[in-house]
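> quick one: sequence and predicted model below, then my questions.
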Amino acid sequence: RAFFIFVSAGPAVTRLVLPACRSSALTIVFHVHAQVGIQSSSTVSEAPPLTSDRPKCGMAATRCSLTAPLLVSLLSVALTNTGAWASPGAGARSDAKPPNILFIVADDLGWNDVGWHGSEIRTPNLDELAKAGVILDHSYVQPICSPTRSSIMSGKFVSHTGIQGLIHSTRPCGLPTNITIIAEQLKRLGYSTHAVGKWHQGYCKPEFTPSHRGFDTFFGYYTGAEEYFTHVRSDHVGNESWHAIDFHFDTPENFTAVRNMNGTYSAYAFANHAIDIISQQDAATPLYLYLPFQSVHAPLEVPDQYPAKYPDIKNKNRQLFAGMVSALDEAVGNVTAAWKKKGLHDNSVIIFTTDNGGLVGKGGNNYPLRGQKFTLWEGGTRGVAFVSGPLLNKTGYTYPGLVHAVDWYPTLVELAGGDVSGLDVDGNPMWSHFSNNVTSPRTSFPYLIHNESQTFVIRVGAWKLMVGVANDSKGGWFPPPSAAAPVTDSGSELDELNADLASLDMAGKPPKKTPVYLFNLEEDPYEHQDLAESEAEQLASMMNELHTMMHPYTPDACAPLKDSPKCNPKNFDNAYATGWC
């Protein structure tokens with residue numbers, strides 16, 4: 001795309017930002033009273049504000065002009081169609097280098113586990129970031145760990161990656177290597193890239209591991225869960241069982257088991273390593289720091305001083321969990337303080353999201369949303385999230401539009417100045433929508449399409465269709481155990497550790513033989529009223545939408561596979577390691 005610019009001599013403006021005048025035509029002509037500073041085709045420095053003579057461009061205009069002297073010289077400048085020259089809604093910036101990106105993921109953090117949702121758990125650092133940025137009120141994730149992370153990494157729905165379920169530590173599977181993940185894209189755009197924390201995208205061969213997928217370094221663990229202080233986990237295949245370390249520092253050249261962290265709480269270890277990366281970052285290079293904490297996934301382990309902050313929470317699991325959230329919040333505060341001290345914050349974006357809803361039996365809570373981790377109800381899939389940083393145009397508000405984990409990939413590529421038009425992703429670039437409170441381009445998404453189990457859940461507009469989802473005890477309404485609140489319409493109360501969970505079936509009705517549910521989430525966000533029988537026309541429409549979303553489909557990559565004894569850490573000096581598939 002070529003822009004032809006007429007520029008007159010004069011001292012009023014030293015540099016011109018082309019987005020000040022935009023047209024739908026491929027050729028735009030300016031008469032500008034300006035003294036020209038020639039810039040490269042890919043970057044143009046920001047100009048001082050234009051005066052009242054700012055050009056007015058109609059949709060069909062091929063010529064925009066400013067009043068100017070008649071002395072005019074002609075310049076023809078060819079500009080590449082990159083993010084720096086995106087359309088007005090693209091949100092990319094032409095005045096600065098790509099921003100530093102801090103992407104934080106919490107594990108199993110529920111809707112009712114953060115301060116900005118009114119939880120009894122205090123999260124002052126997260127609250128400050130959220131309230132200074134944009135809280136995402138309808139940010140959707142998958143109901144379990146690996147699938148959400150695969151969507152973040154790939155920009156694809158899980159029915160297009162084959163990661164519909166957990167990537168088991170003993171099975172030879174991972175996020176397909178023919179997918180270019182976000183770290184690889186940002187690396188191509190000049191970023192320094194580092195991953196610190198939980199991977200859970202496969203590790204049986206080097207090509208599955210983060211340091212072979214675009215990350216300069218990886219410090220953390222490969223699998224889905226482990227002990228917080230010892231960094232070991234237990235598994236078994238057949239008659240063989242083991243208890244081995246899963247902690248690593250990897251580069252593209254070397255894989256190293258980290259054995260000197262025994263006794264260091266993981267939130268401390270990951271925050272401190274992230275701070276080291278930040279402190280050593282070259283200011284001339286943009287940084288992408290992916291920080292998926294272990295916290296607050298089970299097991300419930302945390303230094304004693306944190307649960308001691310919550311003497312009023314009498315339920316032991318909830319009290320321990322609250323302490324774990326406080327430790328996470330403190331770690332985030334320490335990392336962001338270092339981020340600011342290093343000078344990265346002024347040109348940065350900070351993203352925070354959970355990977356799924358909280359697990360009730362392990363202290364998490366999603367009330368008043370229905371369900372929990374492992375379920376496709378809103379409590380398992382509508383996640384806590386925000387975006388923060390000084391590059392947002394509008395802050396201090398709650399964004400009401402739909403957002404999905406797949407949207408982060410093109411959003412980050414766009415922010416980095418990349419071309420999103422050719423990306424093979426399911427996501428939408430969302431930066432300008434967050435930044436300006438513009439209506440979300442996302443109107444639909446699949447929660448899960450899983451042919452193997454015949455489970456299908458989708459959303460279109462306000463409507464949510466659920467097919468093949470059992471209405472079992474995991475799908476109830478679970479107020480925090482410290483609260484005396486009704487669980488169902490019958491007015492019963494729940495203590496998550498000793499209640500009869502079977503009593504939580506919707507409205508006391510037994511599960512349907514062929515479960516099909518329909519909800520209007522705008523009118524019924526907590527999924528109390530099944531409309532499948534009363535809204536037959538809408539149900540038929542949603543069934544048609546489902547059939548459309550079912551294609552194309554990538555079969556589940558991990559579920560059919562058998563556990564492999566080759567993964568036994570005894571084969572690798574008693575450490576989980578790559579290189580066995």
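Thanks, I have it.

> where does this protein dip in pLDDT?
Scanning the chain for pLDDT under 70 picks out 1-96, 482-514.

> quick one, longest helix in it?
Using DSSP state H, we find that the single longest helix of the chain is helix 316-341.

> what strands flank the helix or strand that it is followed by, and is each parallel or antiparallel?
The helix or strand immediately downstream of helix 316-341 is strand 348-354, counting by DSSP states H and E. Sheet pairing of strand 348-354 (DSSP bridges) gives strand 100-106 (parallel), strand 385-388 (antiparallel).

> contacts for strand 348-354?
If you take CB atoms under 8 Å, 6 or more residues apart in numbering as the criterion, strand 348-354 is touched by 99-110, 126, 129-130, 133, 136, 139, 141, 152, 332, 336, 339, 383-391, 405, 408, 415. All C-beta spots, glycine's among them, are computed from the backbone N, C-alpha and C.

> that older thread, just how off-centre is the longest helix of the chain within its chain?
On the basis of CA atoms, centre = their mean, to the nearest Å, helix 316-341 sits 19 Å off its chain's mean C-alpha point.

> what's the angle from it to strand 348-354?
170 degrees (axes from the mean of the first three to the mean of the last three CA atoms, to 10 degrees).

> tell me the contacts of residue 278?
Contacts of residue 278 by CB under 8 Å, 6+ apart are 287, 289, 335, 338, 339, 342, 344.

> where do the strands sit along the stretch 451-581 of the chain?
When assigned using DSSP state E, counting those that start in this stretch, the strands of the stretch 451-581 of the chain occupy the ranges 455-460, 463-467, 516-520.

> any chance of the ones you listed in CSV with mean neighbour count and distance to residue 526 as columns?
Formatted as CSV, the strands of the stretch 451-581 of the chain follow (neighbours: other CB atoms under 10 Å; distance: least, CB to CB, whole Å):
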stretch, mean neighbour count, distance to residue 526
strand 455-460, 22, 15
strand 463-467, 23, 12
strand 516-520, 20, 9
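
> could you dump those strands to JSON lines with distance to residue 266?
Shown next, in JSON lines, are the strands of the stretch 451-581 of the chain (distance: least, CB to CB, whole Å):
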{"stretch": "strand 455-460", "distance to residue 266": "32"}
{"stretch": "strand 463-467", "distance to residue 266": "35"}
{"stretch": "strand 516-520", "distance to residue 266": "38"}
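
> rewinding a little: check which helices and strands the longest helix of the chain is in contact with.
Applying 3 or more CB pairs under 8 Å, 6 or more residues apart in numbering; DSSP states H and E, we find helix 316-341 packed against strand 100-106, helix 124-132, helix 266-280, strand 348-354.

> distance to residue 325 added to these, as TSV?
Formatted as TSV, the helices and strands packed on helix 316-341 follow (distance: least, CB to CB, whole Å):
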stretch	distance to residue 325
strand 100-106	8
helix 124-132	9
helix 266-280	10
strand 348-354	11
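
> and the helices in the stretch 151-300 of the chain?
For the stretch 151-300 of the chain, the helices defined by DSSP state H, counting those that start in this stretch cover 182-188, 266-280.

> so for residue 118, which of these sits nearest?
Taking CB to CB, helix 266-280 is the member of the helices of the stretch 151-300 of the chain nearest to residue 118, at 23.8 Å.

> that closest one relative to strand 100-106, how many degrees between them?
Interaxial angle, helix 266-280 versus strand 100-106 (the same axes, to 10 degrees): 180 degrees.

> give me the distance between helix 266-280 and the centre of its chain.
That offset, for helix 266-280, works out to 20 Å (CA atoms, centre = their mean).

> ditto for stretch 519-531
Stretch 519-531 sits 25 Å away from the centroid of its parent chain (CA atoms, centre = their mean).

> what does that stretch rub up against?
368-371, 377-378, 459, 462-464, 466, 477, 489, 506-507, 517-518, 538-539.

> 6 Å instead?
Contact with stretch 519-531 is made by 368, 370, 377, 462, 464, 517, 518, as judged by CB atoms under 6 Å, 6 or more residues apart in numbering.

> ok, now stretch 257-268?
Everything outside stretch 257-268 that qualifies as a contact, by CB under 6 Å, 6+ apart, is 228-231, 247-249, 269, 294-295, 303, 327-328, 331, 575.

> which residues in the stretch 401-550 of the chain form helices?
408-415, 431-436, 536-549.

> output those helices as CSV; include the columns mean neighbour count.
Below are the helices of the stretch 401-550 of the chain laid out as CSV (neighbours: other CB atoms under 10 Å):
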stretch, mean neighbour count
helix 408-415, 25
helix 431-436, 21
helix 536-549, 14
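
> out of these, which comes closest to residue 184?
Closest among the helices of the stretch 401-550 of the chain, using CB to CB: helix 408-415, at 10.7 Å.

> which residues does the closest one contact?
83, 92, 99, 152, 155, 182, 185, 420, 423, 425, 427, 429-431.

> for those residues, give me a markdown table that also has distance to residue 172.
Below are those laid out as a markdown table (distance: CB to CB, whole Å):
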| residue | distance to residue 172 |
| --- | --- |
| 83 | 38 |
| 92 | 40 |
| 99 | 38 |
| 152 | 23 |
| 155 | 25 |
| 182 | 24 |
| 185 | 26 |
| 420 | 33 |
| 423 | 29 |
| 425 | 26 |
| 427 | 28 |
| 429 | 35 |
| 430 | 35 |
| 431 | 37 |
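
> quick one: which of the residues you listed is most hemmed in?
Counting neighbours by other CB atoms under 10 Å, residue 155 leads those with 31 neighbours.

> pull up the gap between that one and residue 288, please.
Per CB to CB, to the nearest Å, residue 155 is found 15 Å from residue 288.

> picking up where we left off before, could you pull out the buried residues of the longest helix of the chain?
317-336, 338-339 (16 or more other CB atoms under 10 Å).

> coming back round to it: so which of the contacts of residue 278 comes closest to residue 442?
residue 289 (26.0 Å).

> ok so, going back, nearest to residue 273, of the strands paired with strand 348-354?
Nearest to residue 273, of all those, is strand 100-106, at 13.7 Å by CB to CB.

> what inclination does the closest one have with respect to helix 408-415?
170 degrees.

> distance from strand 100-106 to the middle of the chain?
Using CA atoms, centre = their mean, the offset of strand 100-106 from its chain centre is 8 Å.

> please save the CA atoms from that strand in CSV.
The C-alpha coordinates for strand 100-106 follow below in CSV (Å, rounded to 0.1, in the frame of the first residue of the first chain):
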residue,chain,number,x,y,z
ASN,A,100,7.0,-5.0,27.0
ILE,A,101,4.5,-7.7,27.8
LEU,A,102,4.0,-9.3,31.2
PHE,A,103,1.5,-12.2,30.9
ILE,A,104,0.5,-13.7,34.3
VAL,A,105,-1.5,-16.8,34.7
ALA,A,106,-2.9,-18.0,38.0
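
> outside of it, which residues touch it?
So strand 100-106 is in contact with 286-293, 344, 348-355, going by CB under 6 Å, 6+ apart.

> give the contact list for the closest residue to residue 306 other than its chain neighbours.
Leaving out its chain neighbours, the residue that sits closest to residue 306 by CB to CB, 6 or more residues apart in numbering is residue 323, at 3.3 Å. Residue 323 sits next to 302, 306, 307 when contact means CB under 6 Å, 6+ apart.

> pretty sure the last one sits against residue 317.
The reference is to residue 307. No - with contact defined as CB atoms under 6 Å, residue 307 does not reach residue 317; the gap is 10.3 Å.

> residue 444: which of the helices and strands packed on helix 316-341 is closest?
strand 348-354 (20.0 Å).

> got the angle between the closest one and helix 124-132?
Strand 348-354 and helix 124-132 are oriented at 120 degrees to each other (the same axes, to 10 degrees).
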